[in-house]
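Chemist: This is a predicted model, with the sequence first.
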Amino acid sequence: MKKLLVALLFAPLLAFAAGADVRLDKAPDRSGDLPALQNGAKVFVNYCLNCHSASYYRYNRLTDIGLTEQQIKDNLMFTADKVGEPMTIALRRADAKAWFGVAPPDLTLIARARTSAAGSGADWLYTYLRSYHRDDSRPTGWNNPVFPNVGMPHALWELQGEQVMDADHKLVLAKPGLMTPADYDAMVADLVGFLTYVGEPMANFRKALGVVVLIFLFILFIVSYALKREYWKDIH
């Protein structure tokens, strides 16, 4: 029983250690770029939401990145009837586990969950989504050095093309996709920006509020210090 508890305790650390020797690329910051976040939402709905939910995030929150409810209903609501519903999927968890061996994880907090000493969760996702390569030894035909022996196939392969691992263990684009490498990287950056955003939609407000609070405390310190000197100036 004790060994089981220890294994459960360190299981998340072992998961994060997968691909730990791979250098993570810095993800471009999309936090304040509304058009990029909107494009990321479009990519997520079209390519990720078939298997992965974002069940802790509701469609109507997309208005926070500049979309109207009508735009959301017309272009992004494929898995719900009402704009106030969460971004869930029709695939049942039990069926997914039976078909794929493991149920695809919910992605609402994936960027925060993948944060480690090697880099931020955004860096991990940005590198991961650009590192798929062909591997005939795998059941799906794909592998990824960031997540070795990954079970998920490359959902974006038609856009990126097909990469292979050369003799020097470097990724080489063997068959171009529908997008140029630069355009694909930019699209992935938008998608990662959106996944980072849904993990904490109030992050920008929190950071701005923190600056205001620090300024207030600094002014309060000056006033308090001046008041203290005035009260104690005649006391020796």
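Modeler: Perfect, I can see it now.
Chemist: what's the domain layout of the chain?
Modeler: 20-201, 204-236 (automatic domain parsing).
Chemist: looking at those domains, which is buried most?
Modeler: domain 20-201 (a mean of 17; mean count of other Cβ atoms under 10 Å). C-beta: built from backbone N, CA, C; applies to glycine.
Chemist: thought residue 192 was touching residue 30?
Modeler: Yes - using Cβ atoms under 8 Å, residue 192 is in contact with residue 30, at 7.4 Å.
Chemist: Mutual contacts of those two, please.
Modeler: Jointly contacting residue 192 and residue 30 under the rule Cβ atoms under 8 Å, 6 or more residues apart in numbering are residue 40.
Chemist: surely residue 102 meets residue 151?
Modeler: Yes - using Cβ under 8 Å, residue 102 is in contact with residue 151, at 6.2 Å.
Chemist: Now do the same for the closest residue to residue 119 other than its chain neighbours: its pLDDT.
Modeler: Leaving aside its sequence neighbours, residue 119 sits nearest to residue 24 (Cβ to Cβ, 6 or more residues apart in numbering; 3.9 Å). The model reports residue 24 with a pLDDT of 94.
Chemist: ok, residue 24 - contacts?
Modeler: With Cβ under 8 Å, 6+ apart, residue 24 has these contacts: 118, 119, 123, 124, 126, 127, 146.
Chemist: Identify the farthest-apart pair in those residues.
Modeler: Using Cβ to Cβ, the contacts of residue 24 span at most 12.5 Å, a distance reached by 118 and 126.
Chemist: separation between residue 33 and residue 216?
Modeler: Relative to residue 216, residue 33 is positioned 29 Å away (Cβ to Cβ, to the nearest Å).
Chemist: Run through the helices of the protein in chain order.
Modeler: Along the chain, the segments classed as helices by DSSP state H run 2-17, 34-43, 69-75, 93-100, 110-113, 121-128, 157-160, 181-199, 203-232.
Chemist: What's the per-residue pLDDT of residue 162 here?
Modeler: Residue 162 is given a pLDDT of 97.
Chemist: what would the contacts of residue 24 look like in a markdown table with distance to residue 66 and pLDDT?
Modeler: Formatted as a markdown table, the contacts of residue 24 follow (distance: Cβ to Cβ, whole Å; pLDDT from 0 to 100):
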| residue | distance to residue 66 | pLDDT |
| --- | --- | --- |
| 118 | 33 | 81 |
| 119 | 28 | 85 |
| 123 | 25 | 96 |
| 124 | 27 | 96 |
| 126 | 23 | 97 |
| 127 | 28 | 97 |
| 146 | 31 | 95 |
